[in-house]
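# what shape does this take:
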Amino acid sequence: MAEHRFIPSGLRARLTQPQMLLTIGALVIAAALPFAVKNFVLFQLTLAMVYGIAILGLNLLTGFNGQFSLGHSAFFALGAYTAAIMMDRFGIAYYWTLPAAGVACLVFGFLFGLPALRLQGIYLALATFSLGVATPQILKSGPLEAWTGGVQGIVILKPDAPFGLPLSSDQWLYYLTLAVVVLMFCCAANLINSRTGRAIVAIRDNPIAARAMGIDISRYKSLTFGVSAFYTGVAGALGAIVIQFVAPDSFTFAFAIALFVGLVVGGVGSIPGALFGGLFVLFVPNIAEHVSKGLAGAVYGVILILVIYLMPSGAAGLVELIVGKLVRKTARQN
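The predicted model follows:
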């Protein structure tokens, strides 16, 4: 974690012209996809964006602040169950569950981050590991079964498009998720570009120098933990609405590892790389199972090794490298 190749470009106050054109083109393609693909593919793309939001939350904590977490599945579960309980038990509209889930996870993440301030590196990872392992068992426990549904979980209804819009439920949820992605990714970019963001990155790079500059390390670490949990909680709420079901076994430690893998594959310290990570987390295990059902784990491992070998800085790093070469080549020709 001592070196992050993409932090400088991620901290630019403004996008360069190629980056702006690439972003606009990606948004145009994303907006047109619901009318060009089948509903199941649209469902998968929506879920990939949900995972991208969760990976972005983990990236704010690990990639930009240097705090390792192997338990973000717990925050995802808390957000999902907050949305499911609000919708199923109280009949609250689905759009109100997103901020509620985010705030609940923000508070929980901040409170968890306070005692974790004394821990660093592998010891913090071990503490968050225990959180991720314990969460499914807690959700199955007797005292909470009346709220969580125990091992059977909670089934919720998929919302229809509002205002009479000529969209199917899958198309509407895709656009809703896309809007949340754009909003939260812009907020993350503004946060990292701000004075607070520079303090967060300074703590990761050199905590002793950051303290000497007057940065309150304890406060910023706790707040970063809370903001990271906020992002993951919103993703959990969206995931519950999209899938229409929550159950404890959906949020095991394996899911926490999947988010961490998505972080590395997408690019540590890269904001747009989180979307690449979400696509990898969703589609690559399915591809591995399609290649060989009996050896799906082995195929997945081989794919992961190849990806890390070919893209040591993540998918975002590869895209940035290609775009940079194209820009330099165009500049020389002109």
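# residue ranges for the helices of the stretch 151-300 of the chain, please.
169-193, 195-205, 207-212, 217-243, 253-266, 273-291, 296-310 (DSSP state H, counting those that start in this stretch).
# what's the first helix or strand after the helix or strand containing residue 76?
Per DSSP states H and E, residue 76 falls inside helix 72-90. The element immediately downstream of helix 72-90 (helix or strand, assigned by DSSP H and E) is helix 94-113.
# may I see the buried residues of that next one?
94, 97-98, 100-102, 104-106, 108-110, 112-113 (16 or more other CB atoms under 10 Å). Any C-beta I mention is one placed from the backbone N, CA and C, and that applies to glycine too.
# now do it: distance to the chain's middle.
Here helix 94-113 is found 14 Å from its chain centre; the criterion is CA atoms, centre = their mean, to the nearest Å.
# tell me the first helix or strand C-terminal of that helix.
helix 122-140.
# who does that next one touch, helix- and strand-wise?
The contact analysis (3 or more CB pairs under 8 Å, 6 or more residues apart in numbering; DSSP states H and E) places helix 122-140 against helix 72-90, helix 142-148, helix 253-266.
# convert it to CSV, retaining C-alpha atoms only.
What follows is helix 122-140, C-alpha atoms only, in CSV (Å, rounded to 0.1, in the frame of the first residue of the first chain):
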residue,chain,number,x,y,z
ILE,A,122,-3.3,-7.2,9.7
TYR,A,123,-4.7,-6.7,13.2
LEU,A,124,-7.4,-4.4,11.8
ALA,A,125,-8.0,-6.9,9.1
LEU,A,126,-8.5,-9.6,11.7
ALA,A,127,-11.0,-7.5,13.6
THR,A,128,-13.0,-6.8,10.5
PHE,A,129,-12.7,-10.5,9.6
SER,A,130,-14.5,-11.4,12.9
LEU,A,131,-17.2,-8.9,12.0
GLY,A,132,-17.8,-10.4,8.6
VAL,A,133,-17.8,-14.0,10.0
ALA,A,134,-20.2,-13.2,12.9
THR,A,135,-22.8,-11.2,11.0
PRO,A,136,-24.6,-14.2,9.3
GLN,A,137,-24.8,-16.0,12.7
ILE,A,138,-26.2,-12.8,14.4
LEU,A,139,-28.8,-12.4,11.7
LYS,A,140,-30.0,-16.0,12.3
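# what angle do helix 94-113 and that helix make with each other?
Put simply, helix 122-140 runs at 130 degrees to helix 94-113, going by axes from the mean of the first three to the mean of the last three CA atoms, to 10 degrees.
# show me the contact partners of helix 122-140.
Residues from elsewhere that reach helix 122-140, judged by CB atoms under 8 Å, 6 or more residues apart in numbering: 67-74, 77-78, 81, 112, 116, 119, 144, 148, 150-151, 248-249, 251-253, 256.
# on that earlier part again, please work out which of the helices of the stretch 151-300 of the chain is packed deepest.
helix 217-243 (a mean of 25; mean count of other CB atoms under 10 Å).
# which residues sit in contact with residue 89?
residue 147.
# in terms of secondary structure, what does the strand or helix carrying residue 54 contact?
Assigned by DSSP H and E, residue 54 belongs to helix 39-62. Helix 39-62 sits against helix 72-90, helix 169-193, helix 217-243, helix 253-266, helix 273-291, with contacts defined as 3+ CB pairs under 8 Å, 6+ apart.
# run a quick neighbour tally on residue 76.
By the criterion of other CB atoms under 10 Å, residue 76 has 34 neighbours.
# tell me the pLDDT at the closest residue to it other than its chain neighbours?
Excluding the flanking residues, the one nearest residue 76 by CB to CB, 6 or more residues apart in numbering is residue 236, at 4.0 Å. Residue 236 carries a pLDDT value of 96.
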